[in-house]
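A.B. asks: quick one, what's the 3D model for this:
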Amino acid sequence: MKEWFDKILAKVTGKQVEQKNPLITTVATTYEINLVPEVKMQMIRAQKLRNLVLFICIVVSVASVSVVLVLFGIKSGQDIAMASQDKRLDVMSDKLMGYEELGDLVTIQSQLARLDDISDKKTLLSRVFGALGVMLSQGEDFVKLSELRVDLDSNSLRMEGQTDARVAPLIDYRVLEAFKKSAALTKYDYGRYVDVKGNDIPTWCMNESDENGNAYRVGESYYAWWDLTAEGCAALPLGETVPEDSNISLFYNSEAEVEIAEQEMSYEDLEAAGVKVEVDEEGNTKLSDEKIEIRDVEGVTKFYRQSVVRVKVWRTPQFNAWFNGGLMDLDGHIEGIEHFESKCTTYAGQMVSGSATAKWTSANECYLAPDGLTVTDSSNGRDESDNLVLKFTATMKVDPNFFAFKNKHMIAIGPMGQNVTDSYVQIGNIFTQEARECGENDTECLTNSTNTGGSTQNGGQQ
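C.D. replies: Residues are numbered from 1 along each chain as shown. Next comes the predicted model:
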C-alpha cells in the first residue's frame, strides 16, 4: 500500500520517492485525477456560448444582407417603374392640356359640393318665347319672326322678321315702332311661393299656367295651384296635428280655396297616416279615423278618403281682403296666408279718408330690355301670301336675371299687363316664313310708301 501511495505522490509532485527495501514487486498501473479548477470550467462554457452567439450573429448578418439586397432590388424596380409612369403622365398631361374644352371634360375636385353653384349658373333659353309672347303684337296688326338667334353669353337677341299693318293707318313701319316701344316697356317678375308659415314651397309643386301656357287669372289677379299630391308637396291645414312618422312640414290657411278629390288608400297609406285598423270578432273592420270610408268592392275591403289635392295660392295680393283680415299691412308685408313673395314688385297702401279701405299701388323696376330694341335694317318685301310687308332686322339685350335658372317662377309682363310664365307657351303664332325681297320689276313693292312711314326711298332703309 505504501509503495502504491508513493507512486501516486511521485506522479503528482514529480519527485521520486526513495524506495527502501522493496520486498514485493508489483505491476505498474496508471491513474489520472481531474483537478481542473471551477474557474477553468466556467471559461470553457463561456467559450462555447461565445462560439454559439458568434454563429447566430453570422447567420443573422447573412440573412440581413440578403433581405437588404432583395429590398434594394424591389426599390430599384419601383424607381424604374415610377420614372416610366412619370414620363407617361407628362406626355398625357401635355396632350390633355392641349384640349380647348378641358374645363367641360374634366371632373373637378369637390364638384359635388359645387352643384349649387353649377345650378345657379344654368340658363333657361325657353324663357325667350315667354318674353316674345308679350312683346309681339298678336292683333290684326302683327309682327312675326323668320329667324331668332339667342346669345346666352351676352344675353342678347338678334331677330329677323316682318310687320304688316292691317288696321288704319296702313303703315307697316308704325307696327314696327309699336314693337320697339313694347320691348322697351316689357318687364319681368320672379320670386318664391311660401306656405302659411313662410316656408318655401318647392318649385315643382306649383302650377302657374294651363295646358296652353296661359297664366291662371281672375280679372287682373293672378294665382297658381299648389299640387299636394306631388312628391314632397303634401301639406295640412294650419292647426291640424301632423301624424307621427310623417314628413309633412308645409301648411296652408284653413280658409284657403282648395280642390277636393276622392283618393283610394292602401294599408300602407293608413299606417303612414297614423290610422289604426281593428277587426272585431264578427270580422268587421273599424278605423280610428272616421273620415275614411270603408267599402266592399267585389269582396275586397277598400278605403277611401276625401282629400285636398290642390290649394289656390294668389300671386297677386288680395289687397283689401287680406288687409281687413290682418294678413297684410300698408307696407305690403304679408303673413298668415300662403302667397307669392316677389323679387321685383313691391306694394304699398294708403288709407282712404273717411273709409276703412286702402288704396293700393305697385311698383316694378325689373325691365326685360333696359336699352330697348334696336332696329338695324328694314326694307320692303312680300310674305308667303304675296302681301306687302316690311322686313326688318333688330337686336335686343336682355337683363341676365331673366334667363337665370336660379330665379324661379319667372314671368314676362307686357305693357298692357298681359303676361306669360316660364312654363310651356304656344309659339306657333310667333314665327313665319321669311319674307322675300322686292323683285326687280315689282314696282308696287319697290315704291310702297306704307312700309316706310311715308318715305319713297327704295328699300325703305331706316
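A.B. asks: quick one: low-confidence parts of the stretch 51-200 of the chain?
C.D. replies: Scanning the stretch 51-200 of the chain for pLDDT under 70 picks out 100-116, 137-138.
A.B. asks: repeat that with 50
C.D. replies: Nowhere does the stretch 51-200 of the chain drop to pLDDT under 50.
A.B. asks: so residue 254 belongs to a helix, correct?
C.D. replies: No. Checked against DSSP: H, G, I helix; E, B strand; the rest coil, residue 254 lies outside a helix; its state is coil.
A.B. asks: how close does it get to residue 198?
C.D. replies: Distance, residue 254 to residue 198, by CB to CB, to the nearest Å: 17 Å. C-betas here are computed from N, CA, C, even on glycine.
A.B. asks: so where's the longest strand in the chain?
C.D. replies: Ordering each strand of the chain by length in residues (DSSP state E) puts strand 300-314 first.
A.B. asks: list the buried ones in whichever helix or strand comes after it?
C.D. replies: Sequence-wise, the next helix or strand downstream of strand 300-314 (DSSP states H and E) is helix 319-324. In terms of neighbour count (16 or more other CB atoms under 10 Å), helix 319-324 has its buried residues at 319, 322-323.
A.B. asks: could you do stretch 327-338 as well?
C.D. replies: For stretch 327-338, by 16+ other CB under 10 Å, it's 327-328, 332, 334, 337-338.
A.B. asks: wait, which of these is closest to residue 117?
C.D. replies: Checking those against residue 117 by CB to CB gives residue 338 as the nearest, at 30.0 Å.
A.B. asks: contacts only, for the closest one.
C.D. replies: Residue 338 makes contact with 193-196, 201, 226, 252-253, 256, 311, 313 under the criterion CB atoms under 8 Å, 6 or more residues apart in numbering.
A.B. asks: buried among the residues you listed? Make that a ChimeraX selection.
C.D. replies: The buried residues among the contacts of residue 338 can be selected in ChimeraX (16+ other CB under 10 Å) with this line:
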select :193,194,195,196,201,226,252,253,256,311,313
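A.B. asks: among the buried residues of stretch 327-338, which two are most distant?
C.D. replies: Farthest pair in these, by CB to CB: 332 and 338, 16.5 Å.
A.B. asks: now do the helices in the stretch 151-300 of the chain.
C.D. replies: Here the stretch 151-300 of the chain has its helices, by DSSP state H, counting those that start in this stretch, at 172-185, 267-272.
A.B. asks: ranking those helices by burial, who's on top?
C.D. replies: Neighbour counts (mean count of other CB atoms under 10 Å) averaged over each of these peak at helix 172-185, with a mean of 20.
A.B. asks: which strands or helices does that one pack on?
C.D. replies: Judged by 3 or more CB pairs under 8 Å, 6 or more residues apart in numbering; DSSP states H and E, helix 172-185 is in contact with helix 127-135, strand 142-151, strand 156-164, strand 373-382, strand 388-397.
A.B. asks: return the closest of the buried residues of helix 319-324 with respect to residue 160.
C.D. replies: Within the buried residues of helix 319-324, the smallest distance to residue 160 is 43.6 Å, found for residue 319 (CB to CB).
A.B. asks: quick one: low-confidence parts of the stretch 251-400 of the chain?
C.D. replies: Checking the stretch 251-400 of the chain against pLDDT under 50 turns up nothing.
A.B. asks: what about residue 54, neighbour count?
C.D. replies: 10 (other CB atoms under 10 Å).
A.B. asks: which parts of the helix or strand where residue 445 lies are buried?
C.D. replies: Assigned by DSSP H and E, residue 445 belongs to helix 443-446. Going by neighbour count (16+ other CB under 10 Å), the buried part of helix 443-446 is 445-446.
A.B. asks: residues making contact with that helix?
C.D. replies: 380-382, 388, 438-439, 458.
A.B. asks: what's the neighbour count on residue 374?
C.D. replies: Residue 374, neighbours per other CB under 10 Å, totals 13.
A.B. asks: across the sheet, point out what pairs with the spatially closest residue to it that is not a sequence neighbour.
C.D. replies: Leaving aside its sequence neighbours, residue 374 sits nearest to residue 395 (CB to CB, 6 or more residues apart in numbering; 5.1 Å). For residue 395, the beta-bridge partners under DSSP bridges are residue 158, residue 374.
A.B. asks: next up, the contacts around residue 395.
C.D. replies: Here residue 395 is in contact with 156-159, 373-374, 376 (CB under 8 Å, 6+ apart).
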